[in-house]
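S.K.: I'll drop the sequence and a predicted model, then ask my questions.
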Amino acid sequence: MDKIVWHFETKASEDRLSEAREFARRMAHRRSIREFDPDVQISDQIIEACIQAAAQAPSGANRQPWHFAVVKSHEMKLQLRDLAEEVERDFYTSEKFANWRDDIQHISTGWSKPHFTDCSHIIVPFMQMRRLGDEITEPNYYPKESVGLATGFLLAALELAGTATLVHTPHNMNFLNSLLGRPNHERAFVLVIVGAPRQPARVPNLTRKTLAEISSWY
Ligand SMILES: Cc1cc2nc3c(=O)[nH]c(=O)nc-3n(C[C@H](O)[C@H](O)[C@H](O)COP(=O)(O)O)c2cc1C
């Protein structure tokens, strides 16, 4: 394969450190927002730019096994909400999920999902589990890991763009393929709900693990 010269900016060590700390500071500002202001629309161009950022993530064998479905019409958000609430009603009432419900009690969620219709856009990153060509169909490499990384880039870009986000995972997301017309070899990874917070924004009082808890050096 051809190689090209890649312009790699050389930075002084103190600049690297200040940039890393600044990025950490910006990311520390990210919190999941669950109440959105229905009167604020985020521009489509911002969403597109953030998807472009997501698409720069590394991927197994550069297969880029992702597709980002963007829901912005109110009718479609309403349909998505109805279907998600149907799935969630089962999760929030069934005995078999009682322990799981206890674990998320502190974030005070329930089956009702007004944020689906109050938000501006819902982005659904799909994982392409197989590569389909005219004559080929073969598994992709690490689609889950690749789409996980791309979704991380997406969330970081949305945060830097000043939007509020929520990662949401209805208990079963299979309904998204038919609703959004995505083929069978794709699977929804998560839903990323995007908008502006209803003010004053309120979030659960959570703490992060310390650096010592989450890292070890050798
Ligand atoms: C894979 C994944 C699935 C999640 N699913 C939901 C969800 O279904 N509903 C919800 O309210 N929050 C959901 N969250 C958000 C988490 O509850 C939240 O990130 C966590 O409590 C930490 O809070 P923070 O995002 O405000 O820092 C999810 C987060 C991730 C990464």
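M.R.: Perfect, I can see it now.
S.K.: C-alpha only now, for contacts and for neighbours.
M.R.: Noted.
S.K.: Could you count how many residues lie near the closest residue to residue 142 other than its chain neighbours?
M.R.: Leaving aside its sequence neighbours, residue 142 sits nearest to residue 60 (C-alpha to C-alpha, 6 or more residues apart in numbering; 5.6 Å). Neighbours of residue 60 under the rule other C-alpha atoms under 10 Å: 15.
S.K.: And the next helix or strand past the longest helix seen in the chain?
M.R.: Using DSSP state H, we find that the single longest helix of the chain is helix 74-93. Sequence order places helix 98-103 as the next helix or strand after helix 74-93, per DSSP states H and E.
S.K.: just how off-centre is the longest strand along the chain within its chain?
M.R.: Longest strand of the chain, by residue count under DSSP state E: strand 121-128. From the chain centre to the centre of strand 121-128 is a distance of 8 Å (C-alpha atoms, centre = their mean, to the nearest Å).
S.K.: residues in contact with that strand?
M.R.: 42, 65-72, 77, 116, 140, 143-144, 147, 151, 185-195 (C-alpha atoms under 8 Å, 6 or more residues apart in numbering).
S.K.: Take that strand, keep the C-alpha atoms, and write them as CSV.
M.R.: Coordinates of each C-alpha in strand 121-128 appear next as CSV, following Å, rounded to 0.1, in the frame of the first residue of the first chain:
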residue,chain,number,x,y,z
HIS,A,121,-31.5,15.0,17.6
ILE,A,122,-31.1,11.3,18.4
ILE,A,123,-28.0,9.7,16.8
VAL,A,124,-28.0,5.9,16.6
PRO,A,125,-24.5,4.5,15.8
PHE,A,126,-25.0,1.1,14.2
MET,A,127,-22.3,-1.6,14.2
GLN,A,128,-21.9,-3.3,10.8
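S.K.: For the chain, just list every one of the strands.
M.R.: Under DSSP E, the chain gives strands at 66-71, 121-128, 130-132, 137-139, 164-168, 186-188, 191-195.
S.K.: Out of those, flag the one nearest the ligand.
M.R.: Smallest distance to the ligand across those (C-alpha to the nearest ligand atom): 3.8 Å, for strand 164-168.
S.K.: mean confidence for the closest one?
M.R.: Average pLDDT, strand 164-168: 97.
S.K.: Wondering if it reaches the ligand at all.
M.R.: Yes: using C-alpha under 6 Å from any ligand atom, strand 164-168 reaches the ligand at 167, 168.
S.K.: give the contact list for the residue positioned nearest the centre of the chain.
M.R.: In the chain, the residue lying closest to the centroid (C-alpha atoms, centre = their mean) is residue 192, at 4.1 Å. Residues in contact with residue 192 (C-alpha under 8 Å, 6+ apart) are 122, 123, 124, 125, 165, 166, 167, 168.
S.K.: looking at it, residue 140 is touching residue 130, isn't it?
M.R.: Yes: between residue 140 and residue 130 there is a contact under C-alpha atoms under 8 Å: 4.9 Å.
S.K.: Pull the residues that contact the worst-scoring helix or strand of the chain on mean pLDDT.
M.R.: Here the helix or strand of the chain ranked lowest by mean pLDDT, DSSP states H and E is helix 98-103, holding a mean of 72. Applying C-alpha under 8 Å, 6+ apart, the contact partners of helix 98-103 are residue 92.
S.K.: Great, nothing more from me.
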